[in-house]
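In: Give me a model of this one.
(one chain, ligands or ions: 2)
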Amino acid sequence: MSRYIATRAIRGANAIVAEAEALLQKALAEKGPDAPVAFTNTAYYLPVIYGMMAYPVTKIGDLVPVIEKAKSLLHPPPDENWWVPYLGETLDCGMATLLAEEAIEGIRFAYGEQPERYPGFRMTGSASFTSPEFETEEGGGGYLNGPIDDIQLRSWGIQLVDGRMPGFAALLGAARTNQAAVALVRELQRRNILVFLMGNVNGRSIIDQLHEEGVEMGYDTYIVPFGRDTIATIYPLGFATRSALTFGGLKPGQWREILLYNKYRVFAFAIALGEVDDLKYATAAGAICYGFPVIADTVIPQILPTGVTRYEHVISMPWEEIDAPTDEEKAARLVQKAIEVRGVKVKITEVPIPVPYGSAFEGEVVRKADMRVEFGGRASRAFEYLRMVPMEQVEDGKIEVIGPGFEDVPVGGAMDLGIVVEVAGRKMQEDFEPVLERQIHYFINGASGIQHIGQRDIAWIRISKTAAEKGFNLRHFGDILYARFHADFGAIVDKVQVKIITDPALHAEWLAKAREAYDRRNRRLADLVDEAVDTFYSCVLCQSFAPTHCCVISPQRLGLCGAYNWLDCKASYEINPTGPNQPIAKGQCLDSVKGYFTGVNEYVRVASQGKVDTVAMYSIMENPMTACGCFECIVMVIPEANGVMVVSREDPSMTPAGMTFSTLAGMAGGGLQTPGVMGVGKYYLTSPKFLSADGGFRRVVWMSSFLKQTMAEELKAVCEREGDPDLLDKIADETICTDVEGLLAYLEEKGHPALTMPPLF
Ligand code: SF4
Ligand code: ZN
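Out: Numbers count the residues shown, from 1 in each chain. Ligands and ions are numbered 1, 2, ... in the order given. Below you'll find the model as predicted:
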């Protein structure tokens with residue numbers, strides 16, 4: 001390998017470890033060894049140190065052995081006249097660098113210097129920034145991200161495994177120009193690659209560049225700004241380490257396995273923008289240990305394959321020499337190269353519209369002030385309806401706009417809209433209509449500058465001024481839907497035509513037809529009970545990281561991630577008969593109360609590689625279903641209260657079990673059966689089969705207020721169904737109590753039914 005890179009990386013490592021040691025001495029003197037050290041919103045302590053050394057750092061004094069370990073990994077810079085391959089020394093120094101960098105960030109947290117202050121900046125959709133401690137500026141924010149929350153980690157996990165998101169790119173430094181920075185990020189977003197930002201060149205960071213160009217950064221847009229120095233690179237590497245622990249079922253200290261997991265499962269790479277200094281070389285050496293290659297946009301020596309990463313380790317692709325006329329095209333080439341070097345498979349559907357398109361734009365918000373026009377919401381009605389029609393009634397690719405466009409609507413105004421999608425296909429079934437219709441939300445949201453909320457006749461769509469200026473018009477909704485339905489559902493849909501309706505008379509006529517269909521589907525869903533079918537479905541998508549977990553999905557119990565119900569699985573099986581959703585013949589019913597079926601047991605035995613041989617569909621107490629890491633909620637028995645609590649992923653607070661969601665998640669996941677603990681999808685709470693063997697919804701004694709609020713109507717209906725219309729008020733939440741004593745007092749006071757139900761044990 002290159003002596004030049006080895007020299008610089010080793011020099012950088014020696015310098016940063018010395019810096020960390022000096023900082024630690026200062027902190028020990030000023031704050032004392034017992035001063036707390038913690039990253040926010042994670043149960044993994046300082047995650048790289050925790051993963052590597054199995055050593056939980058909670059206070060300043062804990063960092064002493066960490067720095068000792070880092071020093072033990074250092075090597076002197078290569079001799080001028082004595083050639084050796086240097087690779088091992090360089091990689092050791094890379095690991096030493098990561099330990100030192102994480103120790104430094106930990107100390108900065110202890111001093112209140114992390115996350116980094118960044119006045120005038122507001123992240124979109126970040127949990128850290130909704131917590132009051134960071135709400136310093138008007139409108140909140142004023143800080144960069146710092147470490148990624150465990151909650152966000154898990155919710156991205158599912159997108160990483162099901163392939164919606166291929167991986168992440170760490171952009172370090174500053175691009176040549178602001179335009180180049182924007183072009184690079186857009187190119188990555190187009191491919192749904194998560195973008196992590198950090199570092200600077202002479203004090204200027206890509207974060208500044210994007211901020212100046214008004215690019216929205218935050219969890220919602222898949223662009224996360226960690227910090228404006230190189231040391232912040234430790235945050236994405238902490239994310240990678242936690243992925244291996246959360247999804248890979250690995251234990252702290254299994255350092256080799258954690259690195260290999262990342263090499264083979266986490267498709268990440270770094271792009272070094274601008275001058276590469278010693279510290280960047282040293283940090284890159286750490287990233288290479290994870291199997292993450294580095295692509296530089298400057299002239300630097302390259303490191304060709306040696307096996308640590310899949311292909312090349314370091315590639316130089318100087319920006320000025322990329323043979324393309326515009327920044328956009330240069331960015332595309334650079335990103336393409338990075339993807340090749342990492343070996344990521346990325347599928348892009350070309351959608352012929354005048355704005356960028358990709359699922360990275362799904363979470364984008366169009367604010368009222370930036371809005372050209374809206375459909376639905378307060379001032380107008382928008383609906384969407386997908387139906388199956390006979391083959392001969394569909395002209396594939398026909399897109400009609402029936403009625404006026406929005407040209408005459410004043411800026412910021414509203415108009416009625418109907419989107420009717422008609423599909424035909426030999427394998428299409430009426431049951432798939434709602435499954436496909438629900439995709440309209442994701443498909444339309446993928447367009448940059450378009451926001452889609454809701455579904456059916458409460459759809460609400462906004463077009464931003466920017467998108468309208470670029471020429472986005474009503475017809476483009478049709479173009480998007482046509483392209484995506486063919487690309488994603490080509491196996492069941494042969495022909496697609498779209499009507500975009502604004503004409504008032506036709507709008508009313510189709511709205512009535514749509515409502516009839518919604519009603520019909522609701523009745524069908526209500527009739528669709530577990531007893532009414534002889535087939536359940538499996539989902540083993542998550543086996544790529546939880547190899548023994550299998551969701552058993554029945555009409556009345558959806559997958560624990562909330563993303564797949566029985567109809568979805570049925571459609572998915574039709575689309576891909578060898579895919580992750582397989583039919584499970586129920587077989588003989590051994591116990592209709594607890595939900596034991598011979599077919600389910602047999603299936604699960606094989607799917608769990610013999611780890612689980614019996615599953616009760618309706619009980620938490622006996623052979624409960626296993627979980628991976630994606631559950632929306634955790635249900636856990638509170639023995640003192642003779643009931644269960646339900647904690648949602650969105651709830652960071654303490655619970656009566658003495659643990660937060662993050663800590664509980666460690667007990668619920670991993671593909672093991674733990675009686676008394678279960679990960680579930682939140683809509684399972686509303687099912688008559690929810691814990692039906694153990695007393696059902698009336699067992700719920702505590703529930704995150706987030707669920708109470710966001711599912712108020714559905715839960716109210718459940719309480720009525722259970723014959724106790726005021727039950728929701730009798731259920732405590734984190735605003736009422738976070739310990740067992742408080743809980744019991746509240747239950748007594750309210751007369752909660754669980755207190756008089758048969759004992760759980
Ligand atoms: Fe994973 Fe279960 Fe969701 Fe499938 S249904 S993606 S296995 S959590
Ligand atoms: Zn999962």
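
In: When you work out contacts or count neighbours from here on, use the C-alpha atoms and nothing else.
Out: Fine.

In: my read: residue 48 touches residue 100, true?
Out: No - if you go by CA atoms under 8 Å, residue 48 and residue 100 don't touch, sitting 10.4 Å apart.

In: more neighbours, the two?
Out: Using other CA atoms under 10 Å as the criterion, residue 48 and residue 100 rank with residue 100 on top: 31 against 28.

In: what's near enough to touch the more buried one?
Out: The contact partners of residue 100, by CA atoms under 8 Å, 6 or more residues apart in numbering, come to 16-17, 20, 66-67, 70.

In: if we go to 7 Å?
Out: When contacts are counted by CA atoms under 7 Å, 6 or more residues apart in numbering, residue 100 touches 16-17, 20, 67, 70.

In: so which helix or strand takes in it?
Out: Using DSSP states H and E, residue 100 sits within helix 87-110.

In: mind listing what the spatially closest residue to residue 653 that is not a sequence neighbour touches?
Out: In space, and not counting its chain neighbours, residue 653 is closest to residue 660: 6.0 Å by CA to CA, 6 or more residues apart in numbering. Residue 660 sits next to 652-654 when contact means CA under 7 Å, 6+ apart.

In: In terms of distance to ligand 2, which of those ranks first?
Out: residue 652 (20.0 Å; CA to the ion).

In: From ligand 2, how far off is the residue lying closest to residue 212 once chain neighbours are set aside?
Out: In this structure, residue 212 finds its nearest non-sequential neighbour in residue 178, 8.0 Å apart by CA to CA, 6+ apart. Going from residue 178 to ligand 2 by CA to the ion, to the nearest Å gives 38 Å.

In: and the stretch 401-550 of the chain, which residues reach ligand 2?
Out: residue 542 (CA under 5 Å from the ion).

In: Helices along the stretch 401-550 of the chain, start to end?
Out: Taking DSSP state H, counting those that start in this stretch, the helices of the stretch 401-550 of the chain run over residues 433-445, 465-469, 475-489, 504-527.

In: Switch these over to a markdown table; also include mean neighbour count, mean pLDDT and distance to residue 699.
Out: Formatted as a markdown table, the helices of the stretch 401-550 of the chain follow (neighbours: other CA atoms under 10 Å; pLDDT from 0 to 100; distance: least, CA to CA, whole Å):
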| stretch | mean neighbour count | mean pLDDT | distance to residue 699 |
| --- | --- | --- | --- |
| helix 433-445 | 20 | 91 | 32 |
| helix 465-469 | 18 | 96 | 50 |
| helix 475-489 | 20 | 94 | 41 |
| helix 504-527 | 14 | 91 | 23 |
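
In: With distance to residue 53 added, can I get the ones you listed in JSON lines?
Out: Below are the helices of the stretch 401-550 of the chain laid out as JSON lines (distance: least, CA to CA, whole Å):
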{"stretch": "helix 433-445", "distance to residue 53": "41"}
{"stretch": "helix 465-469", "distance to residue 53": "49"}
{"stretch": "helix 475-489", "distance to residue 53": "43"}
{"stretch": "helix 504-527", "distance to residue 53": "51"}
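
In: Tally up the residues packed near the one residue in the stretch 201-350 of the chain that gets nearest to ligand 2, please.
Out: Distance from ligand 2 to each residue of the stretch 201-350 of the chain (CA to the ion) is smallest for residue 247, at 8.2 Å. By other CA under 10 Å, the residues close to residue 247 number 25.

In: Also residue 416?
Out: 19.

In: if I pick it, what's in contact with it?
Out: 375-376, 380-382, 502 are the contacts of residue 416 under CA under 7 Å, 6+ apart.

In: and if we set it to 10 Å?
Out: 374-377, 379-383, 501-504, 507-508 (CA atoms under 10 Å, 6 or more residues apart in numbering).

In: do residue 525 as well
Out: With CA under 10 Å, 6+ apart, residue 525 has these contacts: 431, 519, 555-556, 567.

In: Residues in a beta bridge with residue 496, which ones?
Out: residue 423 (DSSP bridges).

In: quick one on the thing from earlier: how far away from the center of its chain is the very next helix or strand once past the helix holding residue 100?
Out: Using DSSP H and E, the helix or strand that follows helix 87-110 towards the C-terminus is helix 150-161. Helix 150-161 has its C-alpha centroid displaced from the chain centroid by 4 Å (CA atoms, centre = their mean, to the nearest Å).

In: ditto for stretch 147-164
Out: With CA atoms, centre = their mean, you get 3 Å for stretch 147-164.

In: do the same with stretch 589-601
Out: With CA atoms, centre = their mean, you get 34 Å for stretch 589-601.

In: what are the ranges of the strands in the stretch 301-450 of the chain?
Out: 314-316, 371-375, 382-388, 399-402, 413-414, 417-424, 450-453 (DSSP state E, counting those that start in this stretch).

In: re the thing from before, let's see the PyMOL selection covering just the buried ones among the contacts of residue 525.
Out: The PyMOL command for the buried members of these (criterion: 16 or more other CA atoms under 10 Å) is given here:
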select buried, resi 431+555+556+567
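
In: so which of the contacts of residue 525 comes closest to residue 479?
Out: Nearest to residue 479 among the contacts of residue 525, counting by CA to CA, is residue 431 at 24.6 Å.

In: From residue 567, how far off is the closest one?
Out: Computed as CA to CA, to the nearest Å, the residue 431 to residue 567 distance reads 7 Å.

In: same thing with residue 311?
Out: In terms of CA to CA, residue 311 sits 41 Å off from residue 567.

In: neighbours around the residue nearest to residue 300 when sequence neighbours are not counted, how many?
Out: Excluding the flanking residues, the one nearest residue 300 by CA to CA, 6+ apart is residue 316, at 5.8 Å. Neighbour count for residue 316, taken as other CA under 10 Å: 18.

In: Could you tell me which residues make contact with residue 316?
Out: So residue 316 contacts 271-272, 294-303, 334 (CA under 10 Å, 6+ apart).

In: Flag every residue of the stretch 601-750 of the chain that's near ligand 1.
Out: Contact residues, the stretch 601-750 of the chain versus ligand 1 (CA under 6 Å from any ligand atom): residue 630.

In: per-domain residue ranges of this protein.
Out: According to automatic domain parsing, the chain comprises the domains 3-110, 142-342, 359-520, 530-756.

In: and the residue of the protein nearest ligand 1?
Out: When scored by CA to the nearest ligand atom, the chain has residue 559 as its residue closest to ligand 1, at 3.7 Å.

In: re the thing from before, does the residue nearest to residue 212 touch residue 328 like I think?
Out: No - applying CA atoms under 10 Å, one finds residue 178 not in contact with residue 328, separated by 11.7 Å.

In: how close does residue 479 sit to ligand 2?
Out: 33 Å.

In: hmm, which of the contacts of residue 316 are the buried ones?
Out: By 16+ other CA under 10 Å, the contacts of residue 316 give 271-272, 294-300, 302-303, 334 as buried.

In: can those go into a markdown table with extra columns for pLDDT and distance to residue 490?
Out: Below are the buried ones among the contacts of residue 316 laid out as a markdown table (pLDDT from 0 to 100; distance: CA to CA, whole Å):
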| residue | pLDDT | distance to residue 490 |
| --- | --- | --- |
| 271 | 96 | 35 |
| 272 | 95 | 39 |
| 294 | 93 | 37 |
| 295 | 94 | 36 |
| 296 | 95 | 39 |
| 297 | 95 | 39 |
| 298 | 94 | 43 |
| 299 | 92 | 45 |
| 300 | 90 | 45 |
| 302 | 86 | 42 |
| 303 | 85 | 42 |
| 334 | 93 | 31 |
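
In: Would you mind naming what in the protein lies close to ligand 1?
Out: 539-542, 550-551, 559-561, 563-564, 630.

In: what two of these have the greatest distance between them?
Out: 550 and 563 (14.3 Å).

In: When the two are compared, which one has more neighbours?
Out: residue 550 (28 against 13).

In: Give me the neighbour count for the residue in the stretch 1-150 of the chain positioned nearest to ligand 2.
Out: Minimum separation of the stretch 1-150 of the chain from ligand 2 (CA to the ion) falls at residue 150, amounting to 14.4 Å. Residue 150 sits with 25 neighbouring residues when counted by other CA under 10 Å.
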